[in-house]
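S.K.: my questions concern the predicted model and sequence given below.
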Amino acid sequence: MEQKGAWTPGKATALIILAVCLCIAGFFGYRHIRNGAVTDDGEEVYVTSVAYLTGANVSGAVNRFGGVVESPETWSVDPNSEYKVAAILVSVGQEVSEGQALFTYDVNAFQEQLAKAQIELERLNAERNALDDTISALVKQQKKAGKDQQANFTIQIKQQELERKQKEYDITVKRSDIAKIQDNINNATVYSKISGVVQSINESGSSDTQGGTDNSFIKIMKTGDLRVKGTVNEQNIGQIYEGLPMIIHSRVDESLVWSGTVTKIDRENAQGNPYASMFGNDGGSSSNYPFYVELSGSEGLMMGQHVYLEPDLGQNDEEVHQGIWLDAYYIDETGDPFVWADDGGKLVKKPVTLGERDDELGKVQILEGLTESDLIAFPEDTLHEGMTTIDSASVIVEETEEDMENPEELT
């Protein structure tokens with residue numbers, strides 16, 4: 001007979017089964033509470049910070065790219081390959097005006113060519129005059145000669161006349177050569193056709209443009225209208241597209257900003273990145289591509305100035321919309337305006353004072369009642385005061401940490 005209260009295998013098995021059931025129930029209960037935005041009884045609700053909803057913290061997530069101010073129009077000049085450049089009269093970065101001297105040719109070489117050409121012209125003139133004398137003599141002899149010699153003199157005269165025509169042609173060509181040489185002497189100095197800044201000087205004289213590089217002897221960027229040339233790499237080129245609004249920042253004074261729009265992304269000409277992208281995005285060994293930003297205004301910018309560029313995602317909207325501007329659907333205006341907000345872990349109706357409206361963006365200005373640190377809920381018919389609030393940001397962090405601890409669940 002079993003003694004009362006004695007331990008038996010049957011009792012042990014029952015206790016183990018009960019413990020397993022309680023663990024399973026506790027596990028699913030915990031997951032149910034964590035994963036539900038609002039539980040079945042409607043007593044819990046997620047809330048989100050006003051700063052996140054209004055984009056007040058977006059600037060820290062926007063990549064910046066290096067850029068340089070340049071002109072959309074350039075003018076290049078190459079020297080005559082037959083002549084030697086005697087002197088370059090400008091330097092890279094120098095401002096030049098239209099008509100300013102850029103470089104000069106070696107005039108001594110022109111003078112030698114001119115002297116030789118003039119001597120050659122004198123020789124040709126002398127040979128032509130000699131032919132004139134020969135033709136005159138043959139004509140006189142033909143008149144005195146008998147009929148049987150007339151044909152022979154006619155042939156000789158024709159031959160001399162043909163030679164004379166050739167000399168006349170040679171003289172015309174030589175005179176043209178002399179005129180060109182004289183013109184080179186008169187124009188030994190080459191002048192700029194535009195006002196601008198000397199962007200590059202290629203003293204090697206090569207004008208090879210293979211690989212998309214302009215190797216002109218002297219290249220000048222026109223002053224006046226300006227644009228910004230930026231650089232983006234393979235890893236973040238997807239963040240840039242034609243038509244994207246951009247914000248341009250001064251590198252020395254963060255308060256100086258300009259605006260513009262991406263007009264071109266040159267995917268055909270990969271190149272090295274001369275401007276390191278900010279926040280560690282140097283692109284490594286990936287290819288880099290230039291993109292161009294047309295400025296809305298360039299007052300205060302200088303040719304060749306280095307700047308930062310960042311996509312305009314609304315991070316500076318506070319400059320236009322002072323204070324807190326909230327999406328209108330967060331505000332209940334059936335009576336006195338309020339929003340559903342967190343108050344020490346419980347949901348309450350938080351009165352707000354409204355200001356201006358932006359119907360185009362669907363936003364309303366909050367003058368009083370909210371700060372960027374407040375947490376508010378998305379309005380739903382099931383909301384009521386006293387509900388337990390859960391900060392959506394803390395849930396995201398918790399679940400991210402759990403995923404990091406259990407990476408096998410992500411596969």
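M.R.: Ah, there it is.

S.K.: pass me the low-pLDDT residue ranges in the stretch 1-150 of the chain, would you?
M.R.: Using pLDDT under 70 as the threshold, the predicted model of the stretch 1-150 of the chain has low-confidence ranges 1-42, 55-62.

S.K.: so which residues of it form helices?
M.R.: Under the criterion DSSP state H, counting those that start in this stretch, the stretch 1-150 of the chain carries helices at the ranges 9-35, 50-54, 107-144, 147-186.

S.K.: got CSV for those helices, with distance to S81 and mean neighbour count too?
M.R.: Any C-beta I mention is one placed from the backbone N, CA and C, and that applies to glycine too. Written out in CSV, the entries for these read as follows (distance: least, Cβ to Cβ, whole Å; neighbours: other Cβ atoms under 10 Å):
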stretch, distance to S81, mean neighbour count
helix 9-35, 77, 10
helix 50-54, 64, 18
helix 107-144, 13, 14
helix 147-186, 13, 14
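
S.K.: now distance to W340 too, for the ones you listed, in JSON lines please.
M.R.: What follows is these, written out as JSON lines (distance: least, Cβ to Cβ, whole Å):
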{"stretch": "helix 9-35", "distance to W340": "21"}
{"stretch": "helix 50-54", "distance to W340": "12"}
{"stretch": "helix 107-144", "distance to W340": "87"}
{"stretch": "helix 147-186", "distance to W340": "85"}
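
S.K.: so which of the ones you listed gets nearest A341?
M.R.: Comparison of the helices of the stretch 1-150 of the chain against A341 by Cβ to Cβ identifies helix 50-54 as nearest, at 8.9 Å.

S.K.: for that closest one, packing partners?
M.R.: If contacts are counted by 3 or more Cβ pairs under 8 Å, 6 or more residues apart in numbering; DSSP states H and E, helix 50-54 sits against strand 324-327, strand 375-376.

S.K.: what helices or strands is the last one leaning on?
M.R.: Applying 3+ Cβ pairs under 8 Å, 6+ apart, we find strand 375-376 packed against strand 44-49, helix 50-54, strand 338-343.

S.K.: and the contacts of the second one?
M.R.: Contacts of helix 50-54 with the rest of the structure, by Cβ atoms under 8 Å, 6 or more residues apart in numbering, involve 56-57, 324-327, 330, 370-376, 393.

S.K.: one more time with 6 Å
M.R.: Under the criterion Cβ atoms under 6 Å, 6 or more residues apart in numbering, residues N57, I324, L370, E372, D374 lie in contact with helix 50-54.
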